[in-house]
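S.K.: quick one, structure for this:
(chains A and B)
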Amino acid sequence: MAAYYVSTPIYYVNDAPHLGHAYTTVAGDVLTRWHRQRGEDVWYLTGTDEHGQKIMRTAEANGVSPQEWCDKLVSEAWKPLWEHLEIANDDFIRTTEPRHTQRVQEFVQDLYDKGEIYKGSYTGPYCVGCEEYKAPGDLLEGDLCPIHKRPVEWLEEDNYFFKLSEYGTRLLEFYEANPDFVQPASARNEVVQFVRSGLQDLSISRSSFDWGIKVPWDDKHVIYVWIDALLNYATAVGYGADQAKFDRIWPANVHLVGKDILRFHAVIWPAMLMAQGLPLPGRVFANGWLMVGGEKMSKSNLTGISPRQLTEHFGVDAYRYYFLRAIPFGQDGSFSWEDFTARYTSELANDFGNLASRVAAMVGKYFDGVLPAGSDESLAGPLREAVEKADRAIGEDLDFSGGLGHIFDFVRKVNLYLSEQEPWKVARDTSPEGQAKLASILYAAAESLRAIAVLLNPVMPATAEKLWLSLGAEEHLGALPAQKVHEAGRWGVLPEGATITKGEILFPRLEG
RNA sequence: GGGGCGGUAGCUCAGCUGGUCAGAGCAGUGGACUCAUAAUCCAUGGGUCGCGGGUUCAAGUCCCGCCCGCCCUACCA
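M.R.: Predicted structure coming up:
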């Protein structure tokens, strides 16, 4: 049984990470934490893409070598942010590492030997001011460079080409046989339509600059950064170097991508793997753009808010929660400070955090913090249902918003249960029957919280841990991350006698 | 230009193959309660379902036209 392997894109280290990068990376982290709590062998990969002309230029502008520039950004910006956001990746690949560059050369050499790559010439619109080829679609009317507003020249240069055009039929057959390969469906339709319209061969080398992996049989060329970049998914898990590891992990179950790079992953990448005879990934899932005030967050438009600004105000866990809850995964989503605040207050503080508070307070007040035994299982059914729905939504469908919705529906049910049972009134009845009833009610509430902690751990690990400890669960049940999702729905797991303490407030009310 | 998606209550959005589909959450208002982070629970939503036609016994739900927004239309990372 191969590992459940999830990748993020490797991010281009031209600049510091922004909300969009963090969004994808948190989603992958939640997905993989969820699968770990299913007890699966999981591999979560992220990393950085460090070659290419743009990085070379940026480094030059900052007076350092490209490698120095990448080292600095990776160590000072990228890795620290992932640690800050509690990203539990199993590896971090950099495309400048020898374990990558050597294998990329071998991969490309293989394709060359197999006749999948040939030498040809590329003709394209070239801007002298930019010193680079432009994408035809980027040109302004009259073939003007969008940056310099000057006419481009049509230049021709020798390039190596991958015979992508020969894979159209096989790709379409593959999409047909694997309808879930590209998700969401809107993305799939675009990809299928694109491939149907006919594929051209792909230029996979550049000779106008040298910050890249050399083409092994022709060192005047470097490998086009996208071929370089895509292969990280293979080189990072032992392709050509550690066969046992590769066999265990390959292929990816899910490649998470931004929709800007969907085509590379849904068309070029599988074609490359077909050419090499490697198993194809299970899914390519394109998430949408985060919009702030109607404008997308992207590399070219770093308007506004950084991840750290938000975590400083709302906390890391609320940050991880918010974007996945508020935006259906795969769609573009509008984000706003106001909406974040509203969800924080209503869902995290009032519904969830307060539930934990009131239950702990009552067990403390009425039973001196020792969880009594109980026999009321009226919440067992709703819990089981919530677990099943959340597991399908998050674990299978990558519907984080829907999955969190199911978990929080259950949170509401527990609040409602307490309102109906009115344990504070039952507590006045000092008869054995009255006390037994009170015990049952509070046991049911605490047991519900136990399950909620397990279910929310992938999304909000620090908060779930606080709750776990306040329930006294660790002593009896072990570490929270070791709790299995499918066992979370069982009733009666938290043992009588557990020590319940009212810990710190999970989600303090926001100031201002 | 061509293709795709969307325009439903103040806000964010559900509404699959046409007939309790006019809804949910949040916000607002009123009430109950007091264990709790002044939290929770209950009640309360007459909104031209973008506009105009059409098909049908019946249309947010299908067809045509129009308006508005976004996306794709290959080698930008």
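
S.K.: when you work out contacts or count neighbours from here on, use the C-alpha atoms and nothing else.
M.R.: Will do.

S.K.: any residue of the helix or strand residue A:43 falls within up close to RNA strand B?
M.R.: Here residue A:43 sits within strand A:42-49, counting by DSSP states H and E. Yes - judged by Cα under 7 Å from any atom of the strand, strand A:42-49 comes into contact with RNA strand B at residue A:49.

S.K.: which parts of the stretch 351-500 of chain A sit against RNA strand B?
M.R.: A:351-359, A:361-362, A:412-413, A:415-416, A:418-420, A:422, A:424-425.

S.K.: mind giving me the ChimeraX select for those residues, buried ones only?
M.R.: The buried residues among those can be selected in ChimeraX (16 or more other Cα atoms under 10 Å) with this line:
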select /A:351,352,353,354,355,356,357,359,361,362,412,413,415,418
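
S.K.: name the residues of the lengthiest helix in chain A that come out as buried.
M.R.: Criterion DSSP state H: the longest helix present in chain A is helix A:432-456. By 16+ other Cα under 10 Å, the buried positions in helix A:432-456 come out as A:434-456.

S.K.: hmm, back to that, who does the strand holding residue A:43 touch, helix- and strand-wise?
M.R.: strand A:4-12, helix A:19-36, strand A:91-94 (3 or more Cα pairs under 8 Å, 6 or more residues apart in numbering; DSSP states H and E).

S.K.: now mean neighbour count too, for these, in CSV please.
M.R.: Formatted as CSV, the helices and strands packed on strand A:42-49 follow (neighbours: other Cα atoms under 10 Å):
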stretch, mean neighbour count
strand A:4-12, 23
helix A:19-36, 23
strand A:91-94, 18
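
S.K.: among those, which comes closest to RNA strand B?
M.R.: Nearest of the helices and strands packed on strand A:42-49 to RNA strand B, taken as Cα to the nearest atom of the strand: strand A:4-12 at 5.0 Å.

S.K.: partners of that closest one, with directions?
M.R.: strand A:42-49 (parallel), strand A:254-258 (parallel) (DSSP bridges).

S.K.: ok, of those, where does mean pLDDT dip lowest?
M.R.: Comparing mean pLDDT over the strands paired with strand A:4-12, the weakest stretch is strand A:254-258, at a mean of 92.

S.K.: next secondary structure element downstream of that one?
M.R.: Using DSSP H and E, the first helix or strand after strand A:254-258 is helix A:262-263.

S.K.: gap between the following helix or strand past that next one and the chain center?
M.R.: Downstream of helix A:262-263, the next assigned helix or strand under DSSP H and E is helix A:269-276. Its chain's C-alpha centre and that of helix A:269-276 lie 24 Å apart, by Cα atoms, centre = their mean, to the nearest Å.

S.K.: buried residues in helix A:269-276?
M.R.: A:269, A:270, A:271, A:272, A:275.

S.K.: which strands and helices lie in contact with it?
M.R.: Helices and strands touching helix A:269-276, by 3+ Cα pairs under 8 Å, 6+ apart, are helix A:98-113.

S.K.: direction included, what does the following helix or strand past the helix it packs on pair against?
M.R.: Next along the chain after helix A:98-113, taking DSSP H and E as the criterion, comes strand A:117-127. According to DSSP bridges, strand A:117-127 forms sheet pairs with strand A:132-133 (antiparallel), strand A:153-162 (antiparallel).

S.K.: tell me which of these sits nearest to RNA strand B.
M.R.: strand A:132-133 (4.4 Å).

S.K.: what mean pLDDT does that closest one get?
M.R.: 66.

S.K.: is there contact, residue-wise, from the helix or strand harbouring residue A:323 to RNA strand B?
M.R.: Assessed by DSSP H and E, residue A:323 sits inside helix A:316-326. Yes - Helix A:316-326 comes into contact with RNA strand B (Cα under 7 Å from any atom of the strand), by way of residue A:326.

S.K.: what's the angle between that helix and helix A:19-36?
M.R.: When axes from the mean of the first three to the mean of the last three Cα atoms, to 10 degrees is applied, the directions of helix A:316-326 and helix A:19-36 differ by 90 degrees.

S.K.: residues contacting the residue of the stretch 301-450 of chain A found nearest RNA strand B?
M.R.: Minimum separation of the stretch 301-450 of chain A from RNA strand B (Cα to the nearest atom of the strand) falls at residue A:353, amounting to 2.7 Å. Residue A:353 makes contact with A:505, A:506, A:507 under the criterion Cα atoms under 8 Å, 6 or more residues apart in numbering.

S.K.: up against RNA strand B, what does the stretch 151-300 of chain A have?
M.R.: Checking the stretch 151-300 of chain A against RNA strand B by Cα under 7 Å from any atom of the strand, the hits are A:165, A:186, A:189-190, A:193-194, A:198-204, A:224-226, A:260-261, A:299.

S.K.: which members of those residues are classed as buried?
M.R.: A:199, A:201, A:202, A:203, A:204, A:224, A:225, A:226.

S.K.: pick out the most distant pair among these.
M.R.: Using Cα to Cα, these span at most 19.5 Å, a distance reached by A:199 and A:225.

S.K.: quick check: next helix or strand after the helix or strand of chain A with the lowest mean pLDDT?
M.R.: Across the helices and strands of chain A, mean pLDDT, DSSP states H and E gives its lowest value to strand A:295-296, namely a mean of 50. Sequence order places helix A:307-314 as the next helix or strand after strand A:295-296, per DSSP H and E.
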